[in-house]
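In: how does the following fold in three dimensions:
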Amino acid sequence: MKKNIGLVLPDLRGGGAETVMLRLACEFKKNHNVYFFLGEYKGEKIKDISTDFNIIELGSGSGLRSVPSIIKFSRLHKIDVLIGTLSMAHAVAIAKLFLSNTICISRVGNTLSEDLKNKTSVKKFLMKIYQNVLNFSDAIVVQSKFMGSDLVSVLWYVKKSNIFQIYNPIDPDELKLKASLPSNIIVKKDDILLLGRLSYQKDVLTAVRAFSIY
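Out: The predicted structure follows:
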């Protein structure tokens with residue numbers, strides 16, 4: 001039976017979370033109707049969206065500000081399953097309070113304890129309160145055992161049965177294609193390749209230190 005599935009993101013910039021949602025969308029569309037709920041209609045991956053998808057712009061990339069629009073459009077399009085990631089993971093969890101007939105899933109893409117580091121006591125307390133809205137979701141998806149343990153340690157209360165570890169999907173055909181493309185990069189025996197943007201969250205400094213030890 002065809003379902004209406006809504007994928008909720010702040011936008012479609014070129015990050016890992018956006019790639020994951022696009023791959024899920026391509027699988028879901030084989031048997032279901034797929035809706036993209038975008039905080040803002042922008043990002044380099046906009047070009048990768050198939051015409052088979054329904055696109056709805058919420059009007060704001062902020063999770064909290066998007067909640068009313070998520071509720072409104074979920075009811076309008078009779079969304080059966082709603083999946084939110086990044087800041088929209090929390091928005092989808094809050095929306096669940098008003099969408100009793102919709103299965104709401106929050107995909108957590110970060111280790112929450114890292115998000116709380118280097119915050120003042122007041123900000124840390126407020127962020128902990130906000131993180132706990134994830135408990136309103138029907139399910140919380142993490143990408144590793146460590147992330148699951150970290151989630152449990154940060155939230156004041158969480159049903160462990162609601163946490164599901166699901167690795168990020170990959171496209172083997174795409175990897176083979178890219179691996180076969182010509183490149184002027186020569187990889188030597190002791191080379192180490194680091195992939196990721198230069199930001200605090202990616203902890204590049206630890207990789208540099210590890211390489212110096214090696």
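In: alpha carbons only for contacts and neighbour counts from here, please
Out: OK.
In: beyond the lowest-mean-pLDDT helix or strand in the chain, next helix or strand please.
Out: When the helices and strands of the chain are compared on mean pLDDT, DSSP states H and E, helix 112-116 comes out lowest with a mean of 80. The first helix or strand that comes after helix 112-116 along the chain, using DSSP states H and E, is helix 121-131.
In: neighbouring contacts of the next helix or strand after that following helix?
Out: Once the chain leaves helix 121-131, the next helix or strand it forms, by DSSP H and E, is strand 139-142. For strand 139-142, the external contacting residues (CA atoms under 8 Å, 6 or more residues apart in numbering) are 104-109, 134, 148, 162-167.
In: make a markdown table out of those and add pLDDT, distance to Ile94 and secondary structure.
Out: Putting the contacts of strand 139-142 into a markdown table (pLDDT from 0 to 100; distance: CA to CA, whole Å; DSSP: H, G, I helix; E, B strand; the rest coil) gives the following:
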| residue | pLDDT | distance to Ile94 | secondary structure |
| --- | --- | --- | --- |
| Cys104 | 97 | 9 | strand |
| Ile105 | 97 | 11 | strand |
| Ser106 | 96 | 10 | strand |
| Arg107 | 95 | 14 | strand |
| Val108 | 92 | 14 | coil |
| Gly109 | 85 | 18 | coil |
| Leu134 | 92 | 8 | helix |
| Gly148 | 90 | 20 | helix |
| Asn162 | 90 | 16 | helix |
| Ile163 | 93 | 17 | strand |
| Phe164 | 95 | 19 | strand |
| Gln165 | 94 | 21 | strand |
| Ile166 | 93 | 22 | coil |
| Tyr167 | 91 | 25 | coil |
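In: now stretch 145-161: buried residues?
Out: The neighbour-count check on stretch 145-161 (16 or more other CA atoms under 10 Å) flags 147-148, 150-152, 154-155, 158 as buried.
In: what stretches of the chain score poorly on pLDDT?
Out: For the chain, not a single residue meets the criterion pLDDT under 70.
In: which residues in it form helices?
Out: Along the chain, the stretches classed as helices by DSSP state H are 16-28, 63-76, 88-95, 112-116, 121-131, 145-154, 172-180, 204-213.
In: residue contacts, the residue nearest the centre of the chain?
Out: When CA atoms, centre = their mean is applied to the chain, the residue found nearest the centroid is Thr85 (3.0 Å). Applying CA under 8 Å, 6+ apart to Thr85 gives the contacts 8-9, 17, 106-109.
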